[in-house]
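Next one to model:
(2 chains)
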2 protein chains.
Amino acid sequence: MSKGDQTRETILDEAVRLASQVGFTGLTIGQLADRTDLSKSGLFAHFRSKEQLQLQTLEHARRRFIDTTIRPALAVTRGEKRMRDLFDRWLVWESQMLPGGCIFVTGSIEFDDQPGPMRDALVADQRDWLETLATVARAGVEEGHFRPDIDPEQVAFELQSLMLGYHHSARLLGDDRALERARSAFEGVLERIHA
Amino acid sequence: MSKGDQTRETILDEAVRLASQVGFTGLTIGQLADRTDLSKSGLFAHFRSKEQLQLQTLEHARRRFIDTTIRPALAVTRGEKRMRDLFDRWLVWESQMLPGGCIFVTGSIEFDDQPGPMRDALVADQRDWLETLATVARAGVEEGHFRPDIDPEQVAFELQSLMLGYHHSARLLGDDRALERARSAFEGVLERIHA
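Sure, this is the predicted structure:
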């Protein structure tokens, strides 16, 4: 990695952390300059516009999410085990990787009524994620762990709902039992689809 | 209602609509002036600060939500019927009452990492809502519709998760099947707790 690439990685790591707390709308080049000890003009040269900063921060988060959550889960045996692993890894991503929790949850709400490149990128990310969940459910059917008549997209919708519910309960309400509740609901979903 | 009260209602109705689309952070006295044909200085006299505008908008949404969703559901027979009614009414609130969907979902994500009066008010609102859902579940047990060993707070968590999932799927992803998915997941929850 060249020095320029390293600086870029450092800036984007910090941007992802910051956006997880203040949202993409609250993310400013000024705040990012304070946090990284880089000059505002240097950062402007990197990103050129607030929208470019937002888009590159989202893209960076996407890479981090694939590296820490999706790729390792794909190394686990197909079917139920992989689904459990993926859910556990998402919980770690949400609760331990970023100070403000899952940045895709935050971004999804911020941009759901604002057409433009950020909304398009978030929609693409979320569709990929739902497809990943549905694919893992489908493989569970092929492996004989889940019933053949399940609707994999419905399973993906329900798992995604639980993740949003966990974010809400843990981050907004500070509920000590949020993790327990999310796990219990997850077992409920698995029970219903079990072969 | 005095003329002053009527003006106030009109302003707050518009503020709730606007905040549902652009968030409480995006809600400005300037935009509100444009939408209501009132002067900015007149609106400043009403609200004094952006935070006061946000808090009063949230309080107004809370009253609307109670009037249109909670109160009518409490008029329905206790137990399973009331739970179905409440869920249906929430879906109407989310999908038909405001241009940007449930304003409490939007606010919850905006303020989850920002301590202050808005976060406190949102937490109180969301706790009340979860308590309402748990109480309806508990009454269902008393009526013999739901099993006595269910955990009413867990039911509330799962229903709340579905609502967040529906908001995400319908608003961000524009999924035509969002309503069908939410209803199917709701039936799954009911099936699991049924006596």
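
For stretch A:127-145, buried residues please.
Within stretch A:127-145, the residues that count as buried by 16 or more other CB atoms under 10 Å in any protein chain shown are A:Trp129, A:Leu130, A:Thr132, A:Leu133, A:Ala134, A:Val136, A:Ala137, A:Arg138, A:Ala139, A:Gly140, A:Val141, A:His145. Where you see a C-beta, it was placed from the backbone N, CA and C, and this is true even at glycine.

Just the residues contacting that stretch, thanks.
A:70, A:73, A:78-80, A:82-83, A:86, A:104, A:146-148, A:150, A:152-153, A:155-157, A:159-160, A:193-195, B:173 (CB atoms under 8 Å, 6 or more residues apart in numbering or on different chains).

ditto for stretch A:22-37
A:10-11, A:14-15, A:18-19, A:38-40, A:42-44, A:47, A:50, A:53-54, A:57-58, A:100, A:106-107, A:110-111, A:118, B:23, B:25-26, B:109-110, B:113-114.

As a check, name the ranges of all helices in chain A.
Under the criterion DSSP state H, chain A carries helices at the ranges A:3-26, A:29-36, A:40-47, A:50-65, A:71-74, A:80-92, A:103-111, A:117-142, A:152-167, A:178-193.

now these as a markdown table including mean pLDDT?
Conversion of the helices of chain A to a markdown table gives the following (pLDDT from 0 to 100):
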| stretch | mean pLDDT |
| --- | --- |
| helix A:3-26 | 90 |
| helix A:29-36 | 91 |
| helix A:40-47 | 88 |
| helix A:50-65 | 95 |
| helix A:71-74 | 95 |
| helix A:80-92 | 96 |
| helix A:103-111 | 89 |
| helix A:117-142 | 97 |
| helix A:152-167 | 97 |
| helix A:178-193 | 95 |
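
returning to that earlier point: just the buried ones from the contacts of stretch A:22-37?
A:11, A:14-15, A:18-19, A:38, A:43, A:47, A:53-54, A:57-58, A:100, A:106-107, A:110-111, A:118, B:23, B:25-26, B:109-110, B:113.

Can you tell me the number of residues neighbouring the closest residue to A:Gln114 other than its chain neighbours?
Excluding its sequence neighbours, the residue lying closest to A:Gln114 (CB to CB, 6 or more residues apart in numbering or on different chains) is B:Val22, at 7.7 Å. For B:Val22, the neighbour count with other CB atoms under 10 Å in any protein chain shown is 17.

how near is B:Val22 to B:Thr106?
Counting by CB to CB, to the nearest Å, the gap from B:Val22 to B:Thr106 is 9 Å.

And A:Thr7, by the same measure?
35 Å.

same question, A:His167
Taken as CB to CB, the span from A:His167 to B:Thr106 is 14 Å.

now swap in A:Leu190 and tell me
31 Å.

A:Thr10 too?
In terms of CB to CB, A:Thr10 sits 32 Å off from B:Thr106.

Give me the distance between A:His145 and chain B.
18 Å (CB to the nearest CB, to the nearest Å).

which phi and psi does that residue have?
Per-residue torsions, A:His145: phi -80, psi -30 (degrees, to the nearest 10).

Got the confidence number for it?
If you check A:His145, the pLDDT there is 97.

Who are the contact partners of A:Pro72?
A:Asp85, A:Arg89.

what do you get if the cut-off is 10 Å, keeping everything else the same?
Applying CB atoms under 10 Å, 6 or more residues apart in numbering or on different chains, one finds that A:Pro72 lies in contact with A:Ile66, A:Asp85, A:Leu86, A:Arg89.
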